[in-house]
Each structure stands twice: as structure tokens, then as C-alpha cells.
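[1] Turn this into a model:
(one chain, ligands or ions: 1)
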Amino acid sequence: MVDLSVEIAGIKMKNPVLVASGTFGSGVEYAPVFDVSKLGALVTKGLTLDPCPGNEPPRICETPAGLLNAIGLQNPGVDSFIDDLLPQMLDFGIPVIANIAGRTKKEFIALAERLTNAGVAGLEMNISCPNVKAGGMALGTVPEAAAEIVEAVVQSTDLPVIVKLTPNVTDIVGLARAVADAGAHALSLINTLLGMAIDVEARKPLLGNVTGGLSGPAIRPVAVRAVWEVSQAVDLPIIGMGGICTGRDALEFILAGASAVAVGSAFFHDPLTAVKIIEDLQSYCARNKIEELRCLVGAAWKNQGCKE
Ligand SMILES: Cc1cc2nc3c(=O)[nH]c(=O)nc-3n(C[C@H](O)[C@H](O)[C@H](O)COP(=O)(O)O)c2cc1C
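    As a prediction, this is how the structure comes out:
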């Protein structure tokens, strides 16, 4: 029997396949389609302190190899999440990671404090959203600013803190080093790439927000490169994401250095993607006589190969 289990910053998961923030609702929507408890962990949509209506529509459009979205962090606010959605998510019996999106350091601290004893297994700090004016990517592109805010959150909670980085920088390794030094327990790589599309008949941008975040297969090589570079430079576990659609895609991230992976845009095409990936990983390991999937983490650059 292949052992797919992983532990990320103390969060134990039976397999390394998570859902990417903002692409899976609360999981309740998917429960009639597949057994959600088969996943490694759930990650919430970005939570803000107050309820947030999000951006003006249209907020999503298809591009040749992925999606452009500018949802703008629509969510019911952290208190309503804790009261209504979280109990339903915890019922699946797998770890729930809360993705938090403050506009300021103060808001990030307040979010972390509210969630500390709420039952979530960890926090994922979204300092990388390209679709909001305050906070988001504005905080997450300058290493000093990112470090300051991460340090404040780490000090305000005893939950593991995972920091989600933006690829919209020239030096993602420098950013990763700064948040690692500030006390982050793990990293999520990557958030969406800034992009836009124009309706040539209307002669106007397709998205209400004009620009949006590009996700899906188009960004996979960028994401694999980010995981490859960061995992060799920073000694923190990485959750890799960006265009993962199959077990083969997930393996690329694991071999590049990710300890776990998250599925996002692919759910819009096939809601069974994550369970199929778990099965693919199991059969890849069985076929290659690998007893523990975790021994493949970084195997594309580490000198020692797998125990076979
Ligand atoms: C519709 C949509 C909403 C998203 N919302 C969030 C969010 O609230 N917080 C966040 O950190 N990332 C958010 N993301 C980014 C994803 O979590 C993920 O990092 C990105 O889409 C890359 O993975 P993918 O190519 O598999 O979709 C969102 C992505 C999409 C497509």
C-alpha cells in the first residue's frame, strides 16, 4: 500500500492534494459529486474582516489556456464564516485551512486572532491577490512589507502560518526568503499572474475590473519554476499550485520541491479532478515501487533519489 500522507507545518494530511483558495466554495457544493473527505485538506475562499461584495461583473472570462478572474475577494466576512460555513466544512473530518486577506497589518492580526480558536488547522495569508486595490498584491511584492506583516501574524496566533506568494515580481526567491526569516511556517506558490483581455466587438476590456488574475494550464510552467527556485533556496514546506489538471502535473510540482499541491481552475472543467489526481499518484508510486510519496519531494534536483 502506497503511503501518500504528508505533514505541512504540523498539519497532518492523508494525501498531498488540497483545493486552491477561491475555487472550491466551502466543499458543501461538491459533496453530492464526490466524497470530499478523500482530499488532503480544504482551503477557504479569501476571508476579510467585514463581508465583501467583490468587484463589478463580468468577473471571469476564458482565455486560450486558462481563466482570467477578478472576483475581488467576495466573501461573507470572517464572523459569518466561523458561525455558518466552518462547522459544515469541519464535518468533512479533514483539515480546514483559512485563507485570510487583510487590507492592513491590523486587519491581518484581527483575522488571525478571530480564527485562532475557531477550529481551523492553519492560516494561509493571501498577500498576493491581484484583484483588490488595498492589501493583496500591494503588500506582497515588497519583501520588507511582506515580512513585517507575516511577523505580526505569526506573533498573534499559535496556528501554523502559510504565506501565499505572488508571481508578479522579478525576484520570488527574495520574497520567499524575507517571509521565511519573518517566521512563516510554509509557503503557497503561486497566486495568479496579472493579465487582461479585450472584447474586440465592444472595444472594451472583458472584465469589469479591467485587469484580472490568470490561472490554469497557461501558468503551470511559471509555477513549476517558482517552486523549483524557492524550494532550493528556502527550507520551508511548499504547497504548489498553478494549472494542475492531472497526476502528471501534480508530480511535476512534487519533483520540483512541493510537499503538497492544490487544484484550482481545473475544478471548473471537471469537479472530479482532485480525486483523479489522488488515484494517479497512487498508481504512479505503485508502478515505480515507491512506498512513500514524500520521498519524491524535490527529487528532480536532490542528489539522493527515492528509496526503492
Ligand atoms: C475564481 C478564482 C478565485 C480565486 N480566489 C482566491 C482567493 O480568494 N484567495 C487566494 O489566495 N487565491 C485565490 N485564487 C487563486 C487560486 O487559489 C490559485 O492560486 C490560482 O488560481 C492558481 O491555481 P490554478 O491555476 O490551479 O487555478 C482564485 C483563483 C480563481 C480562478
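[2] check which helix or strand covers the closest residue to the ligand within the chain.
    Closest contact between the chain and the ligand, by Cβ to the nearest ligand atom, is at G22 (2.0 Å). Placement of C-beta: from N, CA and C, glycine included. Using DSSP states H and E, G22 sits within no helix or strand.
[3] how about the closest residue to it other than its chain neighbours, what does it touch?
    Once flanking residues are discounted, G22 sits nearest to K45: 4.8 Å by Cβ to Cβ, 6 or more residues apart in numbering. Contact analysis of K45 by Cβ atoms under 8 Å, 6 or more residues apart in numbering lists S21, G22, G25, S26, L73, Q74, N75, N99.
[4] again with G242
    P167, L189, I190, S215, I219, R220, V222, A223, V224, A226, G264.
[5] Relative to D84, how far out is P51?
    12 Å (Cβ to Cβ, to the nearest Å).
[6] Overlap of the contact sets of these two?
    P76.
[7] So for the helix or strand bottoming out on mean pLDDT in the chain, what gets flagged as buried?
    Taking mean pLDDT, DSSP states H and E as the measure, helix 137-140 is the helix or strand of the chain with the lowest mean score, a mean of 79. Going by neighbour count (16 or more other Cβ atoms under 10 Å), the buried part of helix 137-140 is M137, L139, G140.
[8] And for stretch 258-277?
    For stretch 258-277, using 16+ other Cβ under 10 Å, the buried residues are 258-267, 273-277.
[9] that older thread, helices and strands around the least confident helix or strand of the chain, which ones?
    When contacts are defined as 3 or more Cβ pairs under 8 Å, 6 or more residues apart in numbering; DSSP states H and E, helix 137-140 sits against helix 143-155.
[10] avg pLDDT for the next helix or strand after the helix it packs on?
    For helix 143-155, the following helix or strand on the C-terminal side (DSSP H and E) is strand 161-164. Taken as a whole, strand 161-164 has an average pLDDT of 98.
[11] Same check on stretch 112-128?
    96.
[12] Using PDB, write out every CA atom in it.
    Provided in PDB are the C-alpha atoms of stretch 112-128 (Å, rounded to 0.1, in the frame of the first residue of the first chain):
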ATOM      1  CA  ALA A 112      -5.700  35.700  12.800                       C
ATOM      2  CA  GLU A 113      -6.900  36.300  16.300                       C
ATOM      3  CA  ARG A 114     -10.600  35.600  15.400                       C
ATOM      4  CA  LEU A 115      -9.600  32.300  13.700                       C
ATOM      5  CA  THR A 116      -7.100  31.100  16.300                       C
ATOM      6  CA  ASN A 117      -9.500  29.000  18.400                       C
ATOM      7  CA  ALA A 118     -12.200  28.600  15.700                       C
ATOM      8  CA  GLY A 119     -11.200  25.000  14.700                       C
ATOM      9  CA  VAL A 120      -9.100  25.700  11.600                       C
ATOM     10  CA  ALA A 121      -5.900  23.800  11.200                       C
ATOM     11  CA  GLY A 122      -3.900  26.700   9.900                       C
ATOM     12  CA  LEU A 123      -3.900  30.100   8.200                       C
ATOM     13  CA  GLU A 124      -2.900  30.800   4.600                       C
ATOM     14  CA  MET A 125      -2.000  34.500   4.300                       C
ATOM     15  CA  ASN A 126      -3.100  35.900   0.900                       C
ATOM     16  CA  ILE A 127      -0.600  38.700   0.300                       C
ATOM     17  CA  SER A 128      -0.800  38.100  -3.400                       C
END
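[13] Quick one: check it for contact with the ligand.
    Yes - looking at stretch 112-128 against the ligand by Cβ under 6 Å from any ligand atom, the contacts come from N126.
[14] Report the contact partners of the closest residue to G102 other than its chain neighbours.
    Once flanking residues are discounted, G102 sits nearest to F108: 3.5 Å by Cβ to Cβ, 6+ apart. F108 makes contact with I100, G102, M125, I149, A152, V153 under the criterion Cβ under 8 Å, 6+ apart.
[15] What values do phi and psi take at the first one?
    This points to I100. With angles defined as degrees, to the nearest 10, I100 sits at phi -110, psi 140.
[16] Just the closest of the contacts of G242 to N303, please.
    N303 lies nearest to V224 out of these, by Cβ to Cβ, at 20.0 Å.
[17] Assign a three-state SS to that closest one, would you?
    helix (DSSP: H, G, I helix; E, B strand; the rest coil).
[18] Can you get me a residue count around it?
    Neighbourhood size, V224 [other Cβ atoms under 10 Å]: 24.
[19] Equivalent analysis for V132, please.
    V132 has 22 nearby residues by other Cβ under 10 Å.
[20] Was I right to think it contacts Q74?
    No - contact criterion Cβ atoms under 8 Å: V132 and Q74 do not qualify, at 10.7 Å.
[21] Tell me which stretches of this structure form helices.
    Using DSSP state H, the helices found in the chain span residues 78-80, 86-90, 105-115, 137-140, 143-155, 172-181, 220-233, 247-256, 266-269, 273-287.
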